[in-house]
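1. Generate coordinates for the sequence data below:
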Amino acid sequence: MRKLFLLLAAIGLFAPVVSQARDTVYHLNFQSVVDEAVRSGRLDGTVKFYLRGKNPKGSIVQRFPEAVSNKKTNAANKSDEEACAWALQSVLISFQENAKKHGANAVVDLVSFYKRNEYKSSTLYECHAGAFVSGVAMKGRAAIVK
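-> Predicted coordinates:
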């Protein structure tokens with residue numbers, strides 16, 4: 001009985017440490033990640049990205065249904081900012097593919113959408129960085145801009 005008590009006491013001491021995972025929230029520059037993704041060839045540059053509050057040059061001819069992309073990346077051997085940039089680039093790649101599927105040349109009304117909570121900014125995106133994984137979620141609409 002005493003061994004059982006000691007085992008339960010030991011588990012109780014370490015349980016709070018295990019259950020408190022890191023979740024650091026960052027608000028980072030959106031356009032710098034887009035520019036780097038185009039420079040590196042991860043995005044081909046044919047689809048333009050506009051955060052809500054940034055209007056495209058020209059008029060929006062057609063908007064398509066809202067889409068959501070939620071991407072995670074391994075944060076090992078990366079700074080939080082690097083991991084966040086990788087996760088955002090993955091999100092943008094999926095939006096680019098969706099836009100092309102619709103024949104669109106832009107993604108508009110982009111907002112961060114982590115755990116279904118909107119973070120709206122005309123210049124920043126939201127990223128959540130943990131000890132092992134970082135993630136970005138966004139929603140937006142493919143659009144044809146002329």
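2. quick one: contacts for residue 32?
-> For residue 32, no contacting residues are found, by CB atoms under 8 Å, 6 or more residues apart in numbering. Where C-beta positions appear, they are placed from N, C-alpha and C, glycine not excepted.
3. Same question for residue 108.
-> 50, 52, 56, 60, 63, 140-141, 143, 145.
4. ok, now with 6 Å
-> Listed by CB atoms under 6 Å, 6 or more residues apart in numbering, the contact partners of residue 108 are 50, 141, 143.
5. ok, now residue 144?
-> So residue 144 contacts 61-62, 104 (CB under 6 Å, 6+ apart).
6. Can you pull the poorly scored residue ranges out of this protein?
-> The chain contains residues with pLDDT under 70 at 1-20.
7. So which elements touch the longest helix seen in it?
-> As assigned by DSSP state H, the longest helix anywhere in the chain is helix 80-101. Other helices and strands packing on helix 80-101, by 3 or more CB pairs under 6 Å, 6 or more residues apart in numbering; DSSP states H and E, are helix 30-40, strand 60-74, strand 124-129, strand 133-145.
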